[in-house]
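K.L.:
Next one to model:
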Amino acid sequence: MTRSENLNISQVAECLAHKGYEVTESGAGVLRVRDIESSVVFRAALEGSVLFMSVNLMTVPAGDITAELMRKMLSAHNGISTSAFQLYDTAEGKVAVTLNNFCTLQNMGEEDQDDILSLAGYLMADVVEARDLLQPAAAATR
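P.N.:
Numbering: from 1, shown residues only. Reported below is the predicted structural model:
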C-alpha cells in the first residue's frame, strides 16, 4: 500500500477546520480555505501525497511586472522565508501573482496534521511579507 492511498482532501479539510479555518470544497481535491483572523483566502490541493497551498496576491497588467519587481520577488532578503512566488497569465494580458508552498504527507497522523497547520501558518506569515513587498505594484494598478 502506498502512502497516498490513505490520504484524501477531506482529512486535510477536517484538520484545518478543527483549528479554526473556514473550509469549503471548491472542486475535486481542492479546498477554499479562509483564515478567520486575517480573512486571507487560499487554496489547498492534494495531489498524491503532496499538499499544495496557494494564495492569489494580486492580478496586474503584464507590463506591471517589471525587472525591479522581479528582483524584489526573487531576492533572498525579501522576508519570504518558506514560500515561493509564481506568475500565471490570465485573460486580457494580465498576470496573477501567487504565493505557494507545499508539504508531503504520509499517513495523516499527528505529524502530518502538524505539517498541514505549519504549512498554513507559514503561508499566512509569508502573505503579510509579500503584500508589503508588492504594495507599490498593487497601488499602481488602481
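
K.L.:
Report all helices and strands that the longest helix anywhere in the chain contacts.
P.N.:
Looking across the chain with DSSP state H, the single longest helix is helix 110-140. Using 3 or more Cβ pairs under 8 Å, 6 or more residues apart in numbering; DSSP states H and E as the contact test, the elements touching helix 110-140 are helix 9-18, strand 41-47, strand 50-61, helix 67-74, strand 94-104. C-beta coordinates here come from the backbone N, C-alpha and C atoms, glycine included.

K.L.:
again, only this time at 10 Å
P.N.:
Packing partners of helix 110-140 (3 or more Cβ pairs under 10 Å, 6 or more residues apart in numbering; DSSP states H and E): helix 9-18, strand 41-47, strand 50-61, helix 67-74, strand 84-89, strand 94-104.

K.L.:
next one: that helix to chain centre, how far?
P.N.:
The chain centre lies 7 Å from the centre of helix 110-140; the measure is Cα atoms, centre = their mean, to the nearest Å.

K.L.:
Alright, that wraps it up for me.
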